[in-house]
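[1] structure of the sequence below:
(2 chains)
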Amino acid sequence: MRRPLRAGAVAARRPGGRLGARPQARAGARLLRTDDVRGHGGRSRRAGRDRGRRALRRPARPDRRSGDLGHRFRVRRRAAPDRPRGGRPRTRGSTLGCGLARRVRDADRSGGRGRRPPDRPPPARAGTPGRTRRGAQREEPDAKGRQARGRACPADRRGGDRREAGDAARHAGEAGPEARGGHGPGGGGSRRRRGGDTMTTEETTQIATEPLGDWRRDTNCGGPRLEHVGREVTAMGWVATRRDHGGIVFIDLRDRTGILQVVFDPDDSPDAHRRAHGLRSEWVIAVRGRIAARPAETVNPDLPTGQVELRVSELRVLGSSRALPFALDDEDQTNENVRLKHRYLDLRRPRLTHNLLSRHRATSAVRRYLDEQGFVELETPILTRSTPEGARDYLVPSRVNPGSVYALPQSPQIFKQILMVAGFERYYQVCRCFRDEDLRADRQPEFTQVDLEMSFVGQEDVLRLTEGLLVAGASAIGAPVPETPFPRMTYHEATTRFGTDRPDTRFGLELVELSDLMRESKARILAEVVARGGIVSGIVADDGARLSRRELDELVAWVQTLGAGGLAWIRANEDGWQSPLAKFFDEGERERVCERTGLRTGGVLFLVAGPRKHAQSVLGQLRLRLAQMLGKIPEGRWNYLWVTEFPLLEENAEAKRLVAVHHPFTSPFEEDLDKLETEPESVRALAYDVVLNGTELGGGSIRIHRPEVQARVFRALGIDPQQQRDQFGFLLDALSFGAPPHGGLALGLDRLCMLWLGENSIRDVIAFPKTQRAADPMSDAPAPPAPGQLRELGLRPV
RNA sequence: GGGGUCGUAGCUCAGCUGGUUAGAGCGCCGGCCUGUCACGCCGGAGGUCGCGAGUUCGAGCCUCGUCGGCCCCGCCA
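    Purely as a prediction, here's the structure:
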């Protein structure tokens, strides 16, 4: 709970992606619809050859690129045989003429070329540095035979080729690409930007495509089956792959529902077949034709639509595409920056399409569930007021109030409580939250919470309701449905047994405390810690002897990076203990340690000594790492868990004072109230977190609705009345006008979807996520303000 | 704020102890191909080795700085 629910997103708010496909009253149109890409061909297409490889895709395999325990699991693309694309249209002048295709591609190339000064006359500067020089050098020895052809000037190579091909139409675009390429004058400007490969409107409008006209889609690509054979249909989508045999052309047509093989056969339509040669990846086309059964030997069992194909009688090119910056392949390993820059392409990959569609389904199921439970969806302000403590705020200056700022909400916490005072009784919102903190794989600067609050309830009610919500969401998204009620564990138990307040209970490796045994130990390094009030605690890995000496040393080094004093290990070999500490333990001590920890031959005991909280936290992290190293994390387990009885307050080391573990409005246990002034840190809170496989999904609390209790908590926190009024005055005001008992919780929707979908990064379930530096490579946000903007806001750069 | 790791063709990568003209696969372009589905075959183009300094006779490789991606610690009531 004190950890924010990092997770965020966009798609959730969309009511539900309708495509252009209008549910026309065409006969049978609905029959051919499916609603999702699951089992989509993009993935299954290759199943035949790839089954083995893909089977490896999900299970934890460390990412080669991150020296860490592997959060991203990708497979390197296997080298494939060369398979150039063939076929250009043999006839010019059709709307799909090659001139068109060429222009698109040329524009791309010149753009991608980067830094060449846009206005350089190609032949004149053949001596300038860079590739030109290279080319020139190469030219001399090579100026014989076919190599010399078209290479008078490297910069003009393409031009030469083009003229050779003698296509007048292409010349139309010729000056263009050269002149256009990428960078502005001097290539300066936005240096670190994507630069050269962004097209202008002028360029894109040169690409001739056909209007939709009166064509309307009446089938989805994922829909057609044997029962539809014979039907005349119109399908629209993207060219996923093209297999051009010259005499016959196959296209895998993709829309969000799946993949359909369409066949261009001259026997069906010479015109469509001829023009099909010019199609390229990711062009948007519309095809009309008849659904036909595939010849038996050509059925593709890996494709849901694999028994049929669409034999095309008519083709319309609705949109063309430049050459892609990366392969739209679920297993593609392209650098995330490149993918984010072209997120619209990335999102076409079936996996991401599926993720976002699934997320939509989960979100709408959650809405349905809460609606059924009597909840009201209400919105709270985005431009709001900064509150003290917590994460850093994103600030928005106010033009009409110079010098004042709004803050974007870290969560709608105060507003949702006020809605309870306002009498709505049950509120929820799928809302965006903003926190200006450093990012992680499961944290974004803006993320989405399912936020809810209820009146006249106790903790039990919120927990039960949340369990129902998670059941509804999990079933909608296709994840295993959890059994309810979830197991419960107190904060004390969680930190003692697992070293964390969000335990992963899928495996053992639990912590064992040895402080009492070490008090008299000759290992002074341990004994002294106990003497100072710290603890010695350990974890036994019963098959830890599998770890090499080197791995053990690496663990020691790693633990040090966590800020721990150190990590000691004791390896129980056949012939006794092997350990840097072995000499400090006599036979009796060894026996007692083994008895306590269960250490047996073949096992390794890891020991950490230090202040209780710190030592536990280090062991908690070590526990996760050991589980990964030793392969102890079972796949397919979904351990949902409630952690309850959090402490109300804790010491903040930096500020040297007590701070709220959850937030200052969290209700203490009634029976602990007496200790608020005497032993504040032992007061338990009516706060709870829900945890799945070691990840915090969300948390909440029963709030304080009695002003006198609130006053005591503020006092314990050292917040004086003046500060109270300044910082939370409006909430305290509200609570003073008849506040119902209330409580609620917030779930990180993005994280939830990430786990449910088996993803390892929150970015894969967010339509437009940001990088670790909170930037969006696509829109280039954030960006410096325009001249005048700051002045208007009354701001000056520091 | 700190640690790790990466940055070489559009993409993914190789590049030996510093040494001649920086390679591969995919993609792209051209040609051929009527049952493919990661189609195939033949040919071709494509590189400021992230950027800037330095060391050196010589730097993709060494040093320093810097920018950027990812992972982690701190942080995230």
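[2] next SSE after the strand or helix carrying A:Ala615?
    In this assignment (DSSP states H and E), A:Ala615 forms part of helix A:612-629. Next in sequence after helix A:612-629, counting helices and strands by DSSP H and E, comes strand A:640-644.
[3] so what touches that next one?
    A:459, A:463, A:467, A:470, A:482, A:486-491, A:494, A:501-503, A:505, A:687-692 (C-beta atoms under 8 Å, 6 or more residues apart in numbering). C-beta coordinates here come from the backbone N, C-alpha and C atoms, glycine included.
[4] still on that earlier bit, is RNA strand B within reach of the helix holding A:Ala615?
    Yes - if you take C-beta under 7 Å from any atom of the strand as the test, helix A:612-629 does meet RNA strand B, through A:617, A:621.
[5] list the buried residues in that helix.
    Residues A:614-627, A:629 are the ones in helix A:612-629 that count as buried (16 or more other C-beta atoms under 10 Å).
[6] who in the stretch 251-400 of chain A is up against RNA strand B?
    For the stretch 251-400 of chain A, the contact set with RNA strand B under C-beta under 7 Å from any atom of the strand comprises A:252, A:261, A:263, A:265-267, A:277, A:280-281, A:294-295, A:297-300, A:302-303, A:306, A:309, A:323-327, A:332-338, A:387, A:389-392.
[7] give me the buried subset of the residues you listed.
    Buried among these (16+ other C-beta under 10 Å): A:252, A:261, A:263, A:265, A:277, A:280-281, A:294, A:300, A:302-303, A:306, A:309, A:325-326, A:333-334, A:336, A:387, A:390.
[8] of those residues, which belong to strands?
    Members of these lying in strands (criterion: DSSP state E): A:252, A:261, A:263, A:309.
[9] one step back: who does the helix holding A:Ala615 touch, helix- and strand-wise?
    Other elements packing on helix A:612-629 under the criterion 3 or more C-beta pairs under 8 Å, 6 or more residues apart in numbering; DSSP states H and E are helix A:491-498, strand A:511-513, strand A:535-541, helix A:549-561, strand A:604-610.
[10] now the ones you listed as a markdown table including distance to RNA strand B and mean pLDDT?
    Formatted as a markdown table, the helices and strands packed on helix A:612-629 follow (distance: least, C-beta to the nearest atom of the strand, whole Å; pLDDT from 0 to 100):
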| stretch | distance to RNA strand B | mean pLDDT |
| --- | --- | --- |
| helix A:491-498 | 14 | 94 |
| strand A:511-513 | 17 | 94 |
| strand A:535-541 | 17 | 92 |
| helix A:549-561 | 5 | 81 |
| strand A:604-610 | 13 | 91 |
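[11] want to throw these into JSON lines with distance to A:Gly718 and mean neighbour count?
    Output for those, formatted as JSON lines (distance: least, C-beta to C-beta, whole Å; neighbours: other C-beta atoms under 10 Å):
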{"stretch": "helix A:491-498", "distance to A:Gly718": "23", "mean neighbour count": "19"}
{"stretch": "strand A:511-513", "distance to A:Gly718": "32", "mean neighbour count": "20"}
{"stretch": "strand A:535-541", "distance to A:Gly718": "28", "mean neighbour count": "24"}
{"stretch": "helix A:549-561", "distance to A:Gly718": "34", "mean neighbour count": "14"}
{"stretch": "strand A:604-610", "distance to A:Gly718": "27", "mean neighbour count": "26"}
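[12] what's the closest of those to A:Phe737?
    With distances scored as C-beta to C-beta, the stretch of these nearest to A:Phe737 is helix A:491-498 (33.4 Å).
[13] angle of the closest one against strand A:640-644?
    In terms of direction (axes from the mean of the first three to the mean of the last three C-alpha atoms, to 10 degrees), helix A:491-498 departs from strand A:640-644 by 120 degrees.
[14] chain center to helix A:491-498, what's the gap?
    Centroid separation between helix A:491-498 and its chain, computed with C-alpha atoms, centre = their mean, to the nearest Å, is 29 Å.
[15] and stretch A:548-557, by the same measure?
    Worked out by C-alpha atoms, centre = their mean, stretch A:548-557 lies 32 Å from the chain centre.
[16] restrict that stretch to CA atoms and write it as CSV.
    Extracted in CSV, the C-alpha atoms of stretch A:548-557 (Å, rounded to 0.1, in the frame of the first residue of the first chain):
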residue,chain,number,x,y,z
SER,A,548,28.8,-22.7,-7.9
ARG,A,549,31.3,-20.9,-5.8
ARG,A,550,31.2,-18.2,-8.3
GLU,A,551,27.5,-17.9,-8.2
LEU,A,552,27.7,-17.6,-4.4
ASP,A,553,30.3,-14.9,-4.7
GLU,A,554,28.1,-13.1,-7.1
LEU,A,555,25.2,-13.3,-4.7
VAL,A,556,27.3,-11.8,-2.0
ALA,A,557,28.3,-8.9,-4.3
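[17] ok, and the closest non-adjacent residue to A:Phe498?
    Counting by C-beta to C-beta, 6 or more residues apart in numbering, A:Gly620 is the residue found nearest to A:Phe498 once chain neighbours are left out, at 6.0 Å.
[18] picking that back up, mind giving me the PyMOL select for the contacts of strand A:640-644, buried ones only?
    Per 16+ other C-beta under 10 Å, the buried members of those correspond to this PyMOL selection:
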select buried, chain A and resi 459+463+467+470+482+486+489+491+494+501+502+503+505+687+688+689+690+691+692
